[in-house]
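Engineer: Got a predicted structure here, sequence first:
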Amino acid sequence: MEVQICDFDGRDVRRGMGLLRTLSKEEEESNGVAAVDLATFQAVNEPLLEFQSGSEERKRVQSALKRLSSQIVDVPIVVGDKELRTKEFGFQVQPFDHKVKIAKFYNASPDVVQNAIDVSLAARVKWEKLPLAERAKIFLRAADLMAGKYRADLIASTMLGQGKTVYQAEIDAAAELVDFLRFNVQFAAVRLPFLLFQLV
C-alpha cells in the first residue's frame, strides 16, 4: 500500500494567519548554530510547512515515505556510545497495514537496563558541569537539524509508524519537537539567575 499525501482544506486559513511557510534550501542544509546569547535569546514557534502539490517539502516527504516504507529500520538499544542488539526483538508494523514491518526493535534485559542507568548517571555529572550556553547550543543544533535536514524523515516515519496525516505529523513530530528544544533553552535562560541565587 502506498501512502498518499492529501491536500488539507484549512491550509489557506493557516497561511493567512502566518502559520505556514515553505522551507528554504538554506534552512534545510543549515550546518551549525552560532554562539548562544542567553540574555537575548527568544524562542519562536516553528512555522508549519504547507505541503502544496509540487512544493519541495512535499517532494521531500514523498521521497522519505517511499524510502522508509521499502525497508525495515533497525532500532538498536543505545547505551552511551554503544549499540546493543539482544536476542529478544520485535517488529513495529504500519498501523494501517499490519503485514508491513517498518522497524525492528530489541528488548533490554535487566542487566542492560542497569548498565543504561549507570552510564546515564555518569554522563549526568559531565552534563551538569557543562555551561548552560554550551548545553543550549546542543539543543539548538538538534532543533535546527530537525527543522531542516531531518524534517522529512521525522514526518514520514510518524506517518508510517503512527498512521498520522502529513499535517498531523508536521505538527506533532516536527514543529512541536523543535519548539520543545528551543523553548526549553529560553526557559532555562530565564530560570538561570534564580538557580544561581539559590546556590549562593
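Structural biologist: Perfect, thanks for sending it.
Engineer: From residue 159, how far out is residue 172?
Structural biologist: Shown here: residue 172 relative to residue 159, a distance of 10 Å by Cβ to Cβ, to the nearest Å. No exception for glycine: its C-beta is placed from N, CA and C like everyone else's.
Engineer: Looking at the two, which is more packed in?
Structural biologist: Taking neighbours as other Cβ atoms under 10 Å, residue 172 and residue 159 compare with residue 159 leading, 25 against 15.
Engineer: isn't there a helix covering that one?
Structural biologist: Yes - counting by DSSP: H, G, I helix; E, B strand; the rest coil, residue 159 is part of a helix.
Engineer: Could you report the pLDDT at the residue nearest to it when sequence neighbours are not counted?
Structural biologist: Leaving aside its chain neighbours, residue 159 sits nearest to residue 169 (5.0 Å; criterion: Cβ to Cβ, 6 or more residues apart in numbering). Note on residue 169: pLDDT of 97.
Engineer: which ones are touching residue 169?
Structural biologist: Contacts for residue 169 (Cβ atoms under 8 Å, 6 or more residues apart in numbering) come out as 154-156, 158-159, 162.
Engineer: Give the ChimeraX command for selecting the buried subset of those.
Structural biologist: Here is the ChimeraX command that selects the buried residues among the contacts of residue 169 (16 or more other Cβ atoms under 10 Å):
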select :154,155,156,158,159
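Engineer: For my notes, please list the contacts of residue 169 in JSON lines and give distance to residue 92 and pLDDT for each entry.
Structural biologist: Conversion of the contacts of residue 169 to JSON lines gives the following (distance: Cβ to Cβ, whole Å; pLDDT from 0 to 100):
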{"residue": "154", "distance to residue 92": "16", "pLDDT": "97"}
{"residue": "155", "distance to residue 92": "17", "pLDDT": "97"}
{"residue": "156", "distance to residue 92": "14", "pLDDT": "97"}
{"residue": "158", "distance to residue 92": "12", "pLDDT": "96"}
{"residue": "159", "distance to residue 92": "13", "pLDDT": "97"}
{"residue": "162", "distance to residue 92": "10", "pLDDT": "95"}
